[in-house]
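Participant: Whatever this is, show me its structure:
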Amino acid sequence: MTDSKYFTTTKKGEIFELKAELNSDKKEKKKEAVKKVIASMTVGKDVSALFPDVVNCMQTDNLELKKLVYLYLMNYAKSQPDMAIMAVNTFVKDCEDPNPLIRALAVRTMGCIRVDKITEYLCEPLRKCLKDEDPYVRKTAAVCVAKLHDINAQLVEDQGFLDTLKDLISDSNPMVVANAVAALSEIAESHPSSNLLDLNPQSINKLLTALNECTEWGQIFILDCLANYTPKDDREAQSICERVTPRLSHANSAVVLSAVKVLMKFMEMLSKDLDYYGTLLKKLAPPLVTLLSAEPELQYVALRNINLIVQKRPEILKHEMKVFFVKYNDPIYVKLEKLDIMIRLASQANIAQVLAELKEYATEVDVDFVRKAVRAIGRCAIKVEQSAERCVSTLLDLIQTKVNYVVQEAIVVIKDIFRKYPNKYESVIATLCENLDSLDEPEARAAMIWIVGEYAERIDNADELLEGFLEGFHDESTQVQLQLLTAIVKLFLKKPTETQELVQQVLSLATQDSDNPDLRDRGYIYWRLLSTDPVAAKEVVLAEKPLISEETDLIEPTLLDELICYIGTLASVYHKPPSAFVEGGRGVVHKSLPPRTASSESTESPETAPAGAPPGEQPDVIPAQGDLLGDLLNLDLGPPVSSPPLATTSVQMGAVDLLGGGLDSLMGDEPEGIGGPNFVAPPAATVPASLGAPIGGGLSDLFDLTSGVGTLSGSYVAPKAVWLPAMKAKGLEILGTFTRQVGSISMDLQLTNKALQVMTDFAIQFNRNSFGLAPAAPLQVHAPLSPNQTVEISLPLNTVGSVMKMEPLNNLQVAVKNNIDVFYFSTLYPLHILFVEDGKMDRQMFLATWKDIPNENEAQFQIRDCPLNAEAVSSKLQSSNIFTIAKRNVEGQDMLYQSLKLTNGIWVLAELRIQPGNPSFTDLELSLKCRAPEVSQHVYQAYETILKN
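Facilitator: Numbering: from 1, shown residues only. Prediction:
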């Protein structure tokens, strides 16, 4: 008979009966009673009253009975901690039982009982089990250390269990190694700064040896650990890749993805010229293809990961298009994901195949899938120019089907095709206009209105068509209203005599009858523009539009690199970094791909930062304009301000400059009409010219207060790094660094013209960022920048700009404009430029604040091999505005208590413990407390940067 009988009882006086049975002399009866107790506990009945009676049953040789009692203990120890102590003696005894299964069971259960009182008794048995002769007991004890660390971290450190765990990495049994790695990884995640898994080539070798022999989950722990290691050069990276590659043929998909993660990460370090690099690319394709023959849920996870891999290295799967063709019985979530990858892999070589497939999909029954398939045809046209004509004719065929949602999607994508290939496919407009009445979705209506407005001169009845939309103006969605307003203004500028009434009507609807601020603002801008200077209006509204980019939905490069480090985890399915969805963010470390090594640098030199740039601080150039979070396109990049300097010393960079040389004037020359006699540009307070002047300008240096001042403060300045390579900015190369000199922050730039034409009209704009950094003056390049000429500029910054939390916190997105184009890049600024001069806290205040900030806000870090003593550390930090408030010596160790304050008023308190190591080097332990704990990691990085440079 099965165990289900234990769940069917409905007796009233059950507890009393169970009590009697538990105290019975017969072993079988006892066992039956414990089973009934566990069954009651499982269905949610409270059987805690039987605690002493169940604990008495522990004294038995029967393994099954012991397991049941331990299960009960784990459940109720928390609610009955005093009773649980009764069981401690039995645990201790069981840890010395001759049967290894019982020893392991005892130590496992003790780790699961989360009661502080018991924890102390657990230490001795655990120490013995960690050194047990049986590997099964050792591997169980290794996991127990991680559980114990979660209950009482200090106790684990004091008892030296972490060192024992590190020793287990060299254990002869692969499963013990795997569990030791898993336990250390778990502990390291909750203490990102502890550097527990201090990996070196010797320990990596041991892990790779264990990898071949342990269970599949053990392999995953080891592979994940390997992924956190940065090899010292490309040869070591290649040797690790060679030993990990066999895992790609494992039956468990989690092992395969973990191996792919390691290989993707270490491939960064390999030169593309190596034969092995090509071999590795070929080896990565089959396992990814095999994952697609699993169940739909696994397929979906695999596809989300493949989506990232294809964005990073499309060459891996470029010949595998067929496996992403959709099967009739695929669930919708798999179909949509496959479609996405098909577009990413589309190229001139396979476009015919892809289009035939997509046309087939567009006749399916699943509406969402059909919509996405039609969009995909449009994306193919934009991505592969040679296929554009075939795509357009395919879309026209689909419009002839007259299926409502197909027609609407087709119109939306044709609008994009017009944007990509102007004056090429306008012959299809007549067909589109025939379907005007069937459009009921906002996006399709907006797309159609855009087409009518853009090509009004080719459509005889454009005014009638737009008037038809205008009748229900207030019932339309905002998207359609905005598009309609712009389209009618375009129509008026093209056919002014026939449409004056229409434009008056739409302007009054948008400004007087609408309560939508976006619509009202746009209406007023057009109204003023048209009434002030129609010629200027024509230049602005009918200006040539930039071509749209091929891939508009690519993940931003810095985020993509981080997600590649999380392949096989939830982050790779969400396509978001863990910090975006892990509650509280405790233990979330930002990962990034390793930098390319010296030998592979030669092939990619324009991409790499100069040797002086600190590792991990290489900024990423942002490619597509749509990628920037705050959309730098909407920011006002005014031309260099030439008005006389006023008394104030900060520039209002975001001044409302509707027409006087905003972004439109950046794209081309400023139209004559703009800023005419009736338009008064808002005054902009400017900085004295000297603040933005180039450094090293002969006599002007004598009067230039900003240059040379840094020597007084002595704050650390990082060497200049390449922020914008010439190949990404049409010949403009920008190197830069940040400095803080006597209370003022500046961005020191070196601009080099590597193009063949002269560069002029420089301007700069920052996106919103975590600390409100913004230029305090225009970017002043006094003379045109001739080819092969370099100029150095110090741009003063302030912290009164718009604030938006960035990822990572110190990320700064910048737009630089010149007469050629607008260029975008992002860089990471060191936090110590934001440490203010009045950051020294009073002693009493320090004590009170330290106690007041909750303990969970405390973060601990280690700075190894610092070549300074306490005095030197204190004075070096003080020069960067980290102030020592008190100092004491405890057991031969110097303790410094320090404070610093950020420009936004956040205080950070620090305790720095200096441990003398070798004669010339010391290890520092840094504890930081702050009400905004997310800044702690960056403050630690500032400490390390200042002390080690």
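
Participant: all strands of the stretch 401-550 of the chain, in order?
Facilitator: Under the criterion DSSP state E, counting those that start in this stretch, the stretch 401-550 of the chain contains no strands.

Participant: where does it dip in pLDDT?
Facilitator: Within the stretch 401-550 of the chain, the ranges that satisfy pLDDT under 70 run 550.

Participant: CA atoms only for the helix or strand hosting Ser572, dumped as PDB, please.
Facilitator: Assessed by DSSP states H and E, Ser572 sits inside helix 570-574. Output of helix 570-574 as PDB, limited to C-alpha atoms (Å, rounded to 0.1, in the frame of the first residue of the first chain):
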ATOM      1  CA  LEU A 570      17.400  34.700 -15.900                       C
ATOM      2  CA  ALA A 571      19.200  37.900 -17.000                       C
ATOM      3  CA  SER A 572      19.700  36.400 -20.400                       C
ATOM      4  CA  VAL A 573      16.000  35.600 -20.800                       C
ATOM      5  CA  TYR A 574      14.800  39.000 -19.600                       C
END
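
Participant: Report all helices and strands that it contacts.
Facilitator: Helix 570-574 makes packing contacts with helix 296-312 when contacts are defined by 3 or more Cβ pairs under 8 Å, 6 or more residues apart in numbering; DSSP states H and E. Backbone N, C-alpha and C define where each C-beta goes, glycine included.

Participant: buried set for the helix it packs on?
Facilitator: Neighbour-count burial for helix 296-312 flags 299-312 (criterion: 16 or more other Cβ atoms under 10 Å).

Participant: Same check on stretch 899-906?
Facilitator: Here stretch 899-906 shows 899-903 as buried, counting by 16+ other Cβ under 10 Å.

Participant: Tell me how far Tyr361 lies from Asn307.
Facilitator: Using Cβ to Cβ, to the nearest Å, we find Tyr361 at a distance of 18 Å from Asn307.

Participant: again, but for Ile343
Facilitator: In this view, Ile343 and Asn307 are 11 Å apart by Cβ to Cβ.

Participant: Output the below-cut-off pLDDT ranges for this protein.
Facilitator: In the predicted model, the chain carries pLDDT under 70 at residues 1-13, 192-195, 550-552, 584-589, 596-714, 916-920.

Participant: Strands of that one, start to end?
Facilitator: Taking DSSP state E, the strands of the chain run over residues 721-724, 732-741, 744-753, 763-766, 774-775, 790-798, 811-817, 822-828, 858-866, 883-890, 893-901, 907-916, 922-930.

Participant: can you tell which of those strands is closest to Asn99?
Facilitator: Smallest distance to Asn99 across those (Cβ to Cβ): 40.7 Å, for strand 858-866.

Participant: so how far is the closest one from its chain's centroid?
Facilitator: Offset of strand 858-866 from its chain centre (Cα atoms, centre = their mean, to the nearest Å): 25 Å.

Participant: now stretch 345-353
Facilitator: Stretch 345-353 sits 31 Å away from the centroid of its parent chain (Cα atoms, centre = their mean).

Participant: Equivalent analysis for stretch 782-792, please.
Facilitator: Taking Cα atoms, centre = their mean, one finds the center of stretch 782-792 at 36 Å from the center of the full chain.

Participant: Ends of that stretch, what's the gap?
Facilitator: Between the opening and closing residues of stretch 782-792 lies a distance of 11 Å (Cα to Cα, to the nearest Å).

Participant: Could you pull out the buried residues of it?
Facilitator: Quick answer for stretch 782-792 (16+ other Cβ under 10 Å): 785, 791-792.

Participant: what does stretch 902-919 give?
Facilitator: Across stretch 902-919, burial judged by 16+ other Cβ under 10 Å covers 902-903, 907-912, 914.

Participant: Is it possible to get CSV of those that adds distance to Ile240?
Facilitator: Below are those laid out as CSV (distance: Cβ to Cβ, whole Å):
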residue, distance to Ile240
Leu902, 40
Thr903, 43
Trp907, 44
Val908, 38
Leu909, 41
Ala910, 37
Glu911, 38
Leu912, 36
Ile914, 36
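
Participant: and which of these is nearest Leu485?
Facilitator: Nearest to Leu485, judged by Cβ to Cβ, of these is Thr903 at 41.2 Å.

Participant: Touching, Leu308 and Leu563? I think so.
Facilitator: Yes - counting by Cβ atoms under 8 Å, Leu308 does reach Leu563; the two are 5.4 Å apart.

Participant: what is in contact with the two at once?
Facilitator: Overlap of the contact sets of Leu308 and Leu563 (by Cβ atoms under 8 Å, 6 or more residues apart in numbering) consists of 555, 572, 575.

Participant: what's the first one in contact with, if anything?
Facilitator: Each residue near Ile555 by Cβ under 8 Å, 6+ apart is listed here: 308, 311, 563, 575.

Participant: how about it, phi and psi?
Facilitator: Main-chain dihedrals, Ile555, degrees, to the nearest 10: phi -80, psi 140.

Participant: how close does it sit to Val406?
Facilitator: Distance from Ile555 to Val406, by Cβ to Cβ: 29 Å.

Participant: go on, the last one?
Facilitator: Using Cβ to Cβ, we find His575 at a distance of 28 Å from Val406.

Participant: who's more crowded, those two?
Facilitator: Taking neighbours as other Cβ atoms under 10 Å, His575 and Val406 compare with Val406 leading, 21 against 17.

Participant: now do the same end-to-end measure for stretch 448-467.
Facilitator: This stretch, stretch 448-467, spans 13 Å end to end (Cα to Cα).

Participant: Need the residues that contact stretch 514-522.
Facilitator: Residues outside stretch 514-522 that contact it (Cβ under 8 Å, 6+ apart): 474, 478, 481-482, 485-486, 510-511, 523.

Participant: Dump the residues you listed to TSV, plus neighbour count.
Facilitator: Output for the contacts of stretch 514-522, formatted as TSV (neighbours: other Cβ atoms under 10 Å):
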residue	neighbour count
His474	8
Thr478	13
Gln481	27
Leu482	19
Leu485	25
Thr486	18
Ala510	26
Thr511	17
Gly523	23
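
Participant: ok, of those residues, which one's closest to Lys338?
Facilitator: Out of those, the member with the shortest distance to Lys338 (by Cβ to Cβ) is Thr478, at 33.6 Å.

Participant: Could you measure from that closest one over to Asp518?
Facilitator: 7 Å.

Participant: repeat for Ile151
Facilitator: Separation of Ile151 from Asp518 (Cβ to Cβ): 54 Å.

Participant: Please apply the same query to Leu542.
Facilitator: Applying Cβ to Cβ, the value for Leu542 to Asp518 is 21 Å.

Participant: just Asn423 next, same as before
Facilitator: Separation of Asn423 from Asp518 (Cβ to Cβ): 31 Å.

Participant: more crowded one of those two?
Facilitator: A count of neighbours by other Cβ under 10 Å puts Asp518 above the other of Asn423 and Asp518, at 12 against 7.
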